[in-house]
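Novice: Starting from these lines, generate the structure:
(2 chains)
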Amino acid sequence: MRVAVCVKQIPDPASPYDLDPDTHFVVRPTDQVLDDTDRYGVEMGLQLAEQTEGTVTLVSMGPSGNLQGIRQALAMGADKAVIIDDGTLQGSDSLATAGILAAAIQREGFDLVIAGTESTDGYAGILPQQLAEFLGVPALTFAKKVSVEGDTVRIERQTQTGYDEVEAPVPALVSVTAGVVEPRYPTFKGIMQAKSKPVETLTAGDLGVEVTTKQKIIAIRPAPERASGELIEDDGEAHLKIVALLEQAKVI
Amino acid sequence: MAKTWVFVEETEEGPATVGLELLTKARGFGGELAAVFLGNGSEENLAALGAHGASKVFHMTPSDALPTAAAAAALADLAGSHSPDLILFGLTYTGRDVAGRLSARIGKTILSNATDIAMEGGMVTVTNEILGGMTLVDAIFENDPPYLVIARPKSFPAEPSGGGAPEIETVSLPDVGHAGSAIVTASHTEHLEGPKLEDAAIVVAAGRGIGTEEGFAVIEELASKLGAATAATRAIVDAGWVAYSKQVGQTGKTVKPDVYIAAGVSGAMQHLVGMKDSKVIIAINKDEEAPIFGVSDLGVVGDLHKVLPKLIEALGNR
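Specialist: As a prediction, this is how the structure comes out:
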């Protein structure tokens, strides 16, 4: 089974990102990490590829930087990566991004596309569905469990009140929630091998697609601040303060 | 005059609450207001849509297929023939699926995660929160209508307007071929004890500070004492300690209880966005630098495994 996994390099979430004051775009440093939520998709892809003697291709759009994040995913075991790095795509919305990724995935050929449910930095949370529509395949979304049997992919789809069992024939797209599988840590061997795995860098022109972003940020402003209250050290009696506040809030 | 549509899916308890919230908000835009309802649609459910301001309901009934691809196609056709200015979706699993597919199908961008929507003279501005809600971003559309917006639950109150029975137009779901070939073979409802997280007056949330999976027991005990719902951060849901349905934050649920007790929660931006609008926030954390203290009404620097048992005991003696 040919599995394409969508991944994204993002600024390290440990240090809050900056926005360019003129363009309002996220300033992307050379050092970017693999979005933590993508590790689940990569792991899922690897497990399904191992089961079906298939391959895992990473597909990503954004500034390559030093490819640190992509190498992280290759070190886990993915076979190769295709990255669309094109300055004209800076500030793309998810629809434009989905259009580009769809073209790249179609060019590679696929049986299954795996994506996270949303990125940690942009989190619009609609790219997998847009991508599935462009590819003309069913979207099995919000999967907390995934299995493949022959040409059928089955998932447990998160719902508001529990979960549904959903299945579809491949080709299909699956979006996975964090926690769907336990992501493996790259081994030393994996890290060494990742350095020589193929990484193809493309532009929108190489893919023969043209996309435009149709939304624009007009203002960035601070939210009304919530005043922080009292901070106390627990001296063994802090619970009494909590009780007093619960009484004041009239919930007990 | 603006023409606004609100996509509303059916849940076990009736029309999704976020749909009613969006109908309430959209009433303020004036003009025509219709609901696009995906569900079996009892008379009661359809009446609720009318009561919240929809004068018309486009009603789609799902089969055993996962209806999202077909619903998006049906909605695309409807939008083509009726030309709505604005289509609003709630940030739910199905809302995101239908909105995403519709967007790609008709080539219109989506502004997602909206916490406010303003309409002035046909100009729509959508606000969302970034950096854990510390920063607001206002954005506009640069394509022609329909403008597609996905809004976070609890951004607006749901209030009936006293509107009467809506006009119902039945819309059949088209065959969309392979894209619509996913079927639902079984549905499972998780019966959680205690009040529903989204509606609870008190929420007791745990973060990595509980230390182990077993550490959640004290959170459950406190919640049961208070008649509260339990919640969790992404970190401990990812770790597999707590069910995903309890996750509060950017990726999870948004809550606005009267009291939010955060135990061992550091206050990552991811989490703050889902709970910072709670009326009263009480936080217990060992690290006095924890960002959660920045939004707390009462912050206790201490060990939750010492503070919570005493709190439970004190509450038990009342």
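
Novice: Let me know the secondary structure of the residue of the stretch 1-150 of chain A found nearest chain B.
Specialist: In the stretch 1-150 of chain A, the residue that lies nearest chain B is A:Gln129 (2.6 Å; Cβ to the nearest Cβ). Backbone N, C-alpha and C define where each C-beta goes, glycine included. At A:Gln129 the chain is in helix, as set by DSSP: H, G, I helix; E, B strand; the rest coil.

Novice: Please put the alpha-carbon coordinates of stretch B:25-43 into CSV.
Specialist: The C-alpha trace of stretch B:25-43 is given here as CSV (Å, rounded to 0.1, in the frame of the first residue of the first chain):
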residue,chain,number,x,y,z
LYS,B,25,-25.8,35.4,16.3
ALA,B,26,-26.9,35.5,12.7
ARG,B,27,-30.4,37.0,13.6
GLY,B,28,-28.4,40.1,14.4
PHE,B,29,-27.3,40.4,10.8
GLY,B,30,-30.8,41.1,9.6
GLY,B,31,-31.9,39.8,6.3
GLU,B,32,-32.9,36.2,5.5
LEU,B,33,-31.8,33.4,7.8
ALA,B,34,-32.0,29.7,7.0
ALA,B,35,-30.7,26.6,8.6
VAL,B,36,-29.2,23.7,6.6
PHE,B,37,-30.1,20.7,8.8
LEU,B,38,-28.5,17.3,8.6
GLY,B,39,-30.4,14.7,10.6
ASN,B,40,-33.6,12.7,10.8
GLY,B,41,-35.4,15.8,12.0
SER,B,42,-38.2,15.3,14.4
GLU,B,43,-40.8,18.0,14.4
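
Novice: can you give me how far it is from the chain middle?
Specialist: 17 Å (Cα atoms, centre = their mean, to the nearest Å).

Novice: Tell me if that stretch is near chain A.
Specialist: No - figure legend: stretch B:25-43 not in contact with chain A (Cβ under 8 Å from any Cβ of the partner chain); closest approach 12.6 Å.

Novice: Next: stretch B:185-195.
Specialist: Yes - legend: contact between stretch B:185-195 and chain A by Cβ under 8 Å from any Cβ is shown at B:185-190.

Novice: Identify the residues contacting that stretch?
Specialist: Applying Cβ atoms under 8 Å, 6 or more residues apart in numbering or on different chains, the external contacts of stretch B:185-195 come out as A:159, A:161-167, B:12, B:64, B:200-201, B:223-224, B:227-230, B:243, B:245.

Novice: For that stretch, the averaged confidence score.
Specialist: The average of the pLDDT scores along stretch B:185-195 is 83.

Novice: Tell me, how many residues neighbour the residue in the stretch 1-150 of chain B positioned nearest to chain A?
Specialist: Of all residues in the stretch 1-150 of chain B, B:Gly100 sits closest to chain A, at 2.6 Å by Cβ to the nearest Cβ. Using other Cβ atoms under 10 Å in any protein chain shown, B:Gly100 is surrounded by 33 other residues.

Novice: I'd assumed it was in a helix, is it?
Specialist: Yes - under three-state DSSP, B:Gly100 sits within a helix.

Novice: how close does it sit to A:Ile126?
Specialist: For B:Gly100, the distance to A:Ile126 equals 4 Å [Cβ to Cβ, to the nearest Å].

Novice: Now the common contact residues for these two.
Specialist: Common neighbours of B:Gly100 and A:Ile126 (Cβ under 8 Å, 6+ apart) are B:Ile110.

Novice: A:Gly99 contacts A:Leu135, doesn't it?
Specialist: No - counting by Cβ atoms under 8 Å, A:Gly99 stays clear of A:Leu135, with 10.7 Å between them.

Novice: So in chain A, which strand runs the longest?
Specialist: In chain A, taking DSSP state E as the definition, the longest strand is strand A:139-149.

Novice: Give me the residues contacting that one.
Specialist: By Cβ under 8 Å, 6+ apart, strand A:139-149 touches A:1, A:44, A:48, A:51-52, A:112, A:117, A:128-129, A:132-133, A:153-158, A:163, A:166-168, A:170, A:172-177, A:179-180, B:66, B:68-69, B:93, B:96-97, B:100-101, B:182, B:244.

Novice: for the stretch 1-150 of chain A, what spans make up the strands?
Specialist: In the stretch 1-150 of chain A, the strands defined using DSSP state E, counting those that start in this stretch lie at A:2-6, A:9-10, A:33-34, A:55-61, A:80-84, A:112-116, A:139-149.

Novice: What number of residues are in the vicinity of B:Asn40?
Specialist: 10.

Novice: any idea how far it lies from B:Gly95?
Specialist: 18 Å.

Novice: what's the answer for A:Pro222, then?
Specialist: 29 Å.

Novice: residues contacting residue 77?
Specialist: The chain I'm using is chain A. A:46, A:56, A:184, A:190.

Novice: that's the wrong chain, I meant chain B
Specialist: B:Pro174.

Novice: pretty sure it is in a helix, no?
Specialist: Yes - the assignment for B:Asp77 is a helix, going by three-state DSSP.

Novice: and the strands of the stretch 1-150 of chain A, which is most packed in?
Specialist: strand A:112-116 (a mean of 28; mean count of other Cβ atoms under 10 Å in any protein chain shown).

Novice: Give me the below-cutoff pLDDT ranges for the stretch 1-150 of chain A.
Specialist: A:16 (pLDDT under 70).

Novice: Good, we can wrap up now.
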